[in-house]
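A.B. asks: structural data only, the sequence is not supplied:
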């Protein structure tokens, strides 16, 4: 038996001035099931809330309708009040008399009548409300971080230091990512390795962090707080426990002429190798494609030389399974393959290099040990041309967006070059200089004014080799597009930053969305920048868009704090307004016939198959089941289900049907509502 | 026909199937569905042009399911119904032996869904020209004319639900019609109830109907209700390029989408 | 029929159009009082039977509105709804039901003015069309 | 008429652009149709000389390479054969390769050089011959410096500039460029065994001295019938 209380709020003049609240209260008092109906100046005020609480207690109300402002404003307030008076908060509903009535209509009977209708709708709804308990989902307090670049490292350390377990997965043999390749970093020009390697070591030694290098995510199941992951540990062809990282094997490997990925192809490495001296872990890996043993079936020199007998040619990949509660994606970015500006001759001319290659040339740990020597003949380049926007902001050839970091690193490159070759000439061709950021503009000015880098505003149309020089043909748009021709010894292309390869596959494994450029998309471009649309999965660093180091680190810490927040409770509570597949008495068990046409309608893959079996395990029928952890309560499946076997709490068939009926079904007044 | 009977006999003899669903002589020269369980009775099977009932409906009935693994005499629409039912997880791979008969009387035994798909692919969907004609005729009418036309037609409906029982796609254990909490459709067969029922039916069959026309044949009052489902199927084919009963892994038109689905009425 | 004031029922999603209507309020934009809003989590939740019921129970016109494509709070509820309405609307038209009484729209949380305008135009259109008697009177009709 | 062969790069570019314009602008199409008093379909496929040779000459059965054109050549496409890329999409705008491939097929050795698509100054070939000399000079310079024996052109305008204006070019460049400019059909024809005379090799301002060197290591007698068909094909 319904005992509904109706509370009409004047909201001062806001409602009272246009709606006859007293009349509304009187009329609604007559609605069957309403046992208490009053109006008051400010329902959200303490006295107002107390009115509600008292009425709930004294009149033993089992439903409350507060007719005031928008529920998007005060629903939480009044539901809390109801709860404090011992009424299940979900038995309290709001009628929107302010935004949807008094503020948008003139004073008068029709407006008051509308107000009455709006209350009536909610009264009929609340009669059919059920007490609901918030859903509690257990949380596995272990985080999975994908990608061991600076973003992944930062996120892992922050989460680990917050006292939670972290599993860090890195595709390459060592963590460190692109940052470990950089020479110096803008705008301070401090050495990248010097600030990064301590963090790498910290990760390796942190008791809360389990590190899987040379590994990739195999599969992901489950939902926020309760993910199940499989990780593929690719075979290093060596027993990591035995290996001490002495490096003897790498010195003895006969095949030493393999382009070194870490040096962006400028240096060479053996088939069994450690990517770089400060690698974490400092254990070699055999590159099976180039290893003589794997290709020709003989050699085994490394095995013979290894003092610990750690080499294992037949070592298989290993699949590690783990349960995690939250996931941070930090898989980083890549640079656009430049061979698609044939006119720049990248790949054709040795001395046309991309940003990463220049970083290696400038780096003390690089193939030239930091001395400025050009790849072709090792001579010191007297003139170097830097080309910004080599692919970025170029719909015709490259990509439409701005890669953001190039302006800064190009300025840095030019500066580094001038610092190393004092008499050398540096030219930068640019479209615009985008140096937004703390100390950034100042940095670029320094390059121009103190280090005498020549900035030419214009694009380069062609580069060609002519008796040992690279002829760079461009235009200076600030001098009326006057043609510029520069005889350079080396050209550096600031190639566009793009999504890492495999980003798409990963996104599909994780059920997170990605944009046209394969960058992962955040849940909201402004207000939820580190979350994805999939609850419990967060973003950090350049896998979401090109970012510089400070930004990546900031976002990583942001993602980490989201994870820490998620882990701060043993169970996470969610609004219980979710879909449910009905269960009925045997022999039916459920009116669901298991057609599973609803499955594809769910944006969250929340609809699963459930087998109903007899005690002795005989299958009776297979029906749909909504996973309460995944369901976000959109109700698309509810409207789709033919047999009405799915319903959604808070917007049940009974409730919405009653709302429609309450509103109309009064054939006596077809005229003048 | 001889071939058909032998096939049925063998299947039953070798215990490949426990029952053969087919056509037999009915009253007034009209064929009716028969269920052969004893090889001796295989000769009671017949097949002729009059045999157009969609037998797939029986695959969904508990009474038939009880009998064991069935073989079914299937015209093209029946094969498509079976494929659609498989797409809706109602028929398992190998759950039924299909004795498909093409319009030119060619018999072929289909054991797997893959083969069934190839069969329908090579025997494309067919809609009776008279239905198409009628459809276009109605589309040409003015809204008012259509309204009076359908009211007149549907006024004869007395909610016997023969259309539902005849349709292989209406296998829900509880039809919306039987929901009374809330009462979505009033059970009385007044105009409103009739209109609502037939809209619901068309919407629930949408994207799943193979246009076998059984609903209309089943209707004791000859209401051309198959036109409603035909119209919906046509819309879905035109708008989303989807046809039911062609693939056992078919995407269901109303639970999938394209971000660029074209419509011109949402403003 | 000079005094005829149409009854409009609006089925809207909570995240875009409901919030949009809130904005209309906070911006104090006036519109016709004939409309009654019923709130849904998402357009994907709106059952076509509800629209029929609304007509049967006396609605002269119906507004169905949610998030613009690609803006759905649940990423794709509105896309599913769009397909459903494409089929449903065409079926009604085929059965001779005047689909001008059924106004579908996308109104975002930022489009307060658009909401007011949508309601006003719909109210005017329906006022032109007059009360939806032909459907309403089906109730109880046809029983001999 | 389904296909139109346009041996001049400038005309080719213009025609393609016009066709594209008309295709997407029905208004304009109506207007033009009115002016020329005939219907416009714009369905005609426009072929440049390279596409034509590739499709009709070197892929046809009876076309046998009888005297490989074994010379180092600089394939000069000129500025108009590949521009505007959006409309023509005939080859990579900045580094086209079709002519290079075609040349290797007739036995030549295309060099890798930088002026493939630079402008020869054709636009000024009458008004500002000094500019023509300057621009064409750069082209010849790079070609010769990289060891090309001849520049192969696919545009009569480029041809005339690089050949006819050679004296002025040499004057301006202050050096004597000896490498001839050869129109692509001449090179192909020669490879197919058509005698130089027929190919007009003798009528250049810059004498074509290639033939002698070549005929040595080429088969003694050229198969005449094939040659004839070849001519037919090209006149077609």
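C.D. replies: Perfect, thanks for sending it. Since this is a predicted model, take the numbers as computed values, not measurements. Numbers count the residues shown, from 1 in each chain, chains lettered A, B, ... in the order given.
A.B. asks: where does pLDDT dip in chain D?
C.D. replies: For chain D, applying pLDDT under 70 flags the ranges D:1, D:62, D:211-236.
A.B. asks: at the geometric centre of the chain, which residue sits there?
C.D. replies: In the absence of a named chain, chain A is used. residue A:539 (2.8 Å; Cα atoms, centre = their mean).
A.B. asks: nope, chain C
C.D. replies: So for chain C, Cα atoms, centre = their mean, it's residue C:63, sitting 1.2 Å from the centre.
A.B. asks: phi first, then psi, for the residue nearest to the centre of chain A.
C.D. replies: phi -120, psi 140 (degrees, to the nearest 10).
A.B. asks: please apply the same query to residue B:189.
C.D. replies: phi -100, psi 40.
A.B. asks: was I right about it contacting residue B:157?
C.D. replies: Yes: between residue B:189 and residue B:157 there is a contact under Cβ atoms under 8 Å: 6.2 Å. C-beta coordinates here come from the backbone N, C-alpha and C atoms, glycine included.
A.B. asks: these two: who's more crowded?
C.D. replies: residue B:157 (22 against 18; other Cβ atoms under 10 Å in any protein chain shown).
A.B. asks: distance of that one from chain A?
C.D. replies: 20 Å (Cβ to the nearest Cβ, to the nearest Å).
A.B. asks: tell me what residue A:169 is bridged to.
C.D. replies: Beta bridges link residue A:169 to residue A:146, residue A:212 when assigned by DSSP bridges.
A.B. asks: who touches it in this structure?
C.D. replies: Residue A:169 makes contact with A:144, A:145, A:146, A:147, A:148, A:212, A:215, A:216, A:217, A:231, according to Cβ atoms under 8 Å, 6 or more residues apart in numbering or on different chains.
A.B. asks: in a markdown table: those residues, plus pLDDT, distance to residue A:67 and neighbour count.
C.D. replies: Converted to a markdown table, those look like this (pLDDT from 0 to 100; distance: Cβ to Cβ, whole Å; neighbours: other Cβ atoms under 10 Å in any protein chain shown):
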| residue | pLDDT | distance to residue A:67 | neighbour count |
| --- | --- | --- | --- |
| A:144 | 98 | 48 | 27 |
| A:145 | 98 | 49 | 34 |
| A:146 | 98 | 50 | 27 |
| A:147 | 97 | 52 | 29 |
| A:148 | 97 | 56 | 29 |
| A:212 | 97 | 58 | 21 |
| A:215 | 97 | 59 | 23 |
| A:216 | 97 | 57 | 18 |
| A:217 | 96 | 52 | 22 |
| A:231 | 97 | 55 | 20 |
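A.B. asks: quick revisit: what's the helix or strand encompassing the residue nearest to the centre of chain C packed up against?
C.D. replies: Residue C:63 is part of strand C:61-66 when elements are defined by DSSP states H and E. If you count contacts as 3 or more Cβ pairs under 8 Å, 6 or more residues apart in numbering or on different chains; DSSP states H and E, strand C:61-66 packs onto strand C:8-13, helix C:48-56, helix C:77-94, strand C:102-106, helix C:112-129.
A.B. asks: what's the most buried one of the ones you listed?
C.D. replies: Greatest average neighbour count among the helices and strands packed on strand C:61-66 goes to strand C:8-13 (a mean of 27), per mean count of other Cβ atoms under 10 Å in any protein chain shown.
A.B. asks: strands of the stretch 401-550 of chain A, residue ranges please.
C.D. replies: All strands of the stretch 401-550 of chain A, identified by DSSP state E, counting those that start in this stretch, fall at A:425-430, A:454-457, A:460-466, A:469-476, A:482-488, A:490-495, A:497-499, A:537-539.
A.B. asks: report all helices and strands that the fourth one contacts.
C.D. replies: Okay, so that is strand A:469-476. Right, strand A:469-476 is packed against strand A:425-430, strand A:454-457, strand A:460-466, strand A:482-488, strand A:490-495 by 3+ Cβ pairs under 8 Å, 6+ apart.
A.B. asks: if we use 7 Å, what do you get?
C.D. replies: Packed against strand A:469-476, as judged by 3 or more Cβ pairs under 7 Å, 6 or more residues apart in numbering or on different chains; DSSP states H and E, are the following elements: strand A:454-457, strand A:460-466, strand A:482-488.
A.B. asks: how about residue A:421: what's its closest non-neighbour residue?
C.D. replies: With sequence-adjacent residues excluded and distances taken as Cβ to Cβ, 6 or more residues apart in numbering or on different chains, residue A:421 is closest to residue A:372, at 5.1 Å.
A.B. asks: contact residues of chain C facing chain B?
C.D. replies: C:48-49, C:52, C:56, C:69-70, C:76, C:79-80, C:82-84, C:86-91, C:94-98, C:104-106, C:134, C:138-143 (Cβ under 7 Å from any Cβ of the partner chain).
A.B. asks: spit out the contact partners of residue 23.
C.D. replies: In the absence of a named chain, this looks at chain A. residue A:112 (Cβ atoms under 7 Å, 6 or more residues apart in numbering or on different chains).
A.B. asks: can you look at chain D instead?
C.D. replies: Residues near residue D:23 by Cβ under 7 Å, 6+ apart: residue D:42.
A.B. asks: same question for residue B:225.
C.D. replies: Residue B:225 sits next to B:163, B:198, B:215, B:216, B:219 when contact means Cβ under 7 Å, 6+ apart.
A.B. asks: what pLDDT does the model give it?
C.D. replies: On the pLDDT scale, residue B:225 is placed at 94.
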